[in-house]
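[1] Sequence unavailable; structure follows:
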């Protein structure tokens, strides 16, 4: 038997054929019609899913479910997409609309949560009973997977991993609070601090690396400067690790997950990031001196995690 | 059928007979022998539980399980009490020792988690799918209840609700980190701030309320001063609510629980604490403008919560 995973985005929707071992066998992407209504988009998704199955050369009766990773809040029990950010869905009954087109069961999940589910089941979290994913990108997102299932909370929007205040009164966050983990551990935050350091320390290698153009500074710049022995770059990375570490220690004290996976652009730094981060975390987290310790690893499925996770809903 | 709940403490162990509706029908307390070994204490608990059942006038075959709330880390699956703070248990196989004395099944849970379970099932959290309890006492503790079960994490010690840093670099906490919620939202923290204010503002009513004796300041003093119109008292309570609120908003953004219950001494302030706290929380937590909101309530079972919860393990 197979499953279909859909990654519904504001620009594109990606369809994937996934087998029981979580292997992504085939993938297709089509643009998301911007002017369509929620109902039109849903019908389009359902028909597109069916023709995708046909193009895969798989019988429709060999597909046990279709899962949709949605950019917003949803209620899988009721089959309703409650709210999306860049799309027109508002309390849209996806399950009902799909049922008019196909009798393959449909499931809904938040897209970040789906990516976390994919990683937990078939990526770096494989085999773990509890797995948190924290993505370090433009923002800080992620998901909570307990016993192979997404933990959604009672209203569907649990797992806002970036919106935990670690520095009350600190840097303003898009969510309306100050000092969220996202304001310190996102790539955006790292770039902000790297730019500040470039201006403050004209002698720093950061300026050389970006060719004097602050707009060319990205999430890698400070790490690069550090590896070249630059003091400002080293300081930025150290502070970044302490802030990220503080957030992850919080998560360990709350969840004691078997594994925490880091995804997103910054996670590509790999062991250069993970080694000092683990040192910080194991020094400060609760009970790690006497009990089994949470593993801290890099997510490995990349963009496919979302489709694979959606298929497994 | 009945269940037995045991609240194992460093000074006393309390036994309770609980029915299927979570009613505590009879309770007894006996001192915990200080010089006994872990094995002796366990055997004593088992025998004491049996004689307690007999004294309740209930048949031993009418008791479906015995649950023990332990002051430390345990593994209920294996029946092992891993570690206790003020008692000699170290990887003690409680289930095996009990099995030599009675064939009533035995279960283990952390004591704070048991109290959270009792409240979630039969206290103010009754009927909620997800329920967090946060106790505001000497420290800040609590537990996470998901679908009627304690969430323990993979190593048994999840739910350290007080050891989440909200002010990185802030007040030193007993856990070795700075700025934990416990350092701002415990009664200990509130007393610390009240004493500081009393010294800084000799004109404050706080000094009158404690009769000039700073040692008489307790968790109620600042609230009392506030109600009498005192400026320093009002400021302390406002700051306390903001810090506690910050921690609870973090918990909502992570868990979106149906209900958060406050227990411990400070929670006795009731609506005087809860009203402004809800205002703060609903203003800042994620998605509360569009989705169902977490209820914030006072725990109501008091000291019985631990025994009732242990019985329900």
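    Everything's here; your move. None of these values were measured; they are calculated from a predicted model.

[2] Any figure for the gap between residue A:104 and residue A:313?
    With distances taken as C-beta to C-beta, to the nearest Å, residue A:104 is found 13 Å from residue A:313. In short, each C-beta sits where N, CA and C put it, glycine included.

[3] Touching both of these two, which residues are there?
    Listed contacts common to residue A:104 and residue A:313 are residue A:65; contacts here mean C-beta atoms under 8 Å, 6 or more residues apart in numbering or on different chains.

[4] okay, those two: which has more neighbours?
    Higher neighbour count among residue A:104 and residue A:313: residue A:313, with 22 against 19, using other C-beta atoms under 10 Å in any protein chain shown.

[5] need the strands for chain A, in chain order.
    A:2-8, A:12-19, A:24-31, A:63-70, A:72-75, A:80-84, A:90-93, A:106-110, A:130-136, A:140-146, A:149-150, A:259-263, A:295-298 (DSSP state E).

[6] So which elements touch the second one?
    So that's strand A:12-19. strand A:2-8, strand A:24-31, helix A:38-55, helix A:304-311 (3 or more C-beta pairs under 8 Å, 6 or more residues apart in numbering or on different chains; DSSP states H and E).

[7] Chain B contacts on the stretch 1-150 of chain A?
    Taking C-beta under 8 Å from any C-beta of the partner chain as the criterion, the stretch 1-150 of chain A approaches chain B at residues A:73, A:82, A:83, A:128, A:129, A:130, A:144, A:146.

[8] hmm, 7 Å instead?
    With C-beta under 7 Å from any C-beta of the partner chain as the criterion, the stretch 1-150 of chain A comes near chain B at residues A:73, A:83, A:129, A:130.

[9] can you tell me which two in the residues you listed are farthest apart?
    Greatest spacing in these, by C-beta to C-beta: A:83 and A:129 (30.9 Å).

[10] coming back round to it: of all the helices and strands packed on strand A:12-19, which one is nearest residue B:197?
    helix A:304-311 (51.1 Å).

[11] Now for residue A:277: which residues touch it?
    A:241, A:244, A:245, A:296 (C-beta atoms under 7 Å, 6 or more residues apart in numbering or on different chains).

[12] okay, the residues you listed in CSV with distance to residue B:200 next?
    Listed next are those as CSV, based on distance: C-beta to C-beta, whole Å:
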residue, distance to residue B:200
A:241, 37
A:244, 37
A:245, 35
A:296, 43
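
[13] can you give me the helices for the stretch 201-313 of chain A?
    A:205-209, A:221-227, A:231-255, A:271-284, A:304-311 (DSSP state H, counting those that start in this stretch).

[14] how about the fourth one: buried residues?
    Counting neighbours by 16 or more other C-beta atoms under 10 Å in any protein chain shown, one finds that the buried residues in helix A:271-284 are A:273, A:274, A:276, A:277, A:278, A:280, A:281, A:282, A:284.

[15] so who does the residue in the stretch 201-313 of chain A positioned nearest to chain B touch?
    Closest residue of the stretch 201-313 of chain A to chain B, C-beta to the nearest C-beta: residue A:256 (2.7 Å). Taking C-beta under 7 Å, 6+ apart, we find residue A:256 in contact with A:294, B:153, B:154, B:155, B:157, B:158.

[16] mind checking pLDDT for the first one?
    It stands for residue A:294. Here, the pLDDT recorded for residue A:294 equals 96.

[17] Let me know whether it touches residue A:255 as I believe.
    No - Residue A:294 is beyond contact range of residue A:255, at 8.3 Å (criterion: C-beta atoms under 7 Å).

[18] any common contacting residues for the two?
    Contact criterion C-beta under 7 Å, 6+ apart; no residue bridges residue A:294 and residue A:255 by contacting each.

[19] about what we covered before: is it possible to export the strands of chain A to CSV including mean neighbour count and distance to residue B:20?
    Shown next, in CSV, are these (neighbours: other C-beta atoms under 10 Å in any protein chain shown; distance: least, C-beta to C-beta, whole Å):
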stretch, mean neighbour count, distance to residue B:20
strand A:2-8, 26, 41
strand A:12-19, 21, 44
strand A:24-31, 14, 48
strand A:63-70, 24, 37
strand A:72-75, 22, 31
strand A:80-84, 22, 35
strand A:90-93, 16, 38
strand A:106-110, 26, 35
strand A:130-136, 28, 30
strand A:140-146, 26, 27
strand A:149-150, 18, 28
strand A:259-263, 26, 38
strand A:295-298, 18, 40
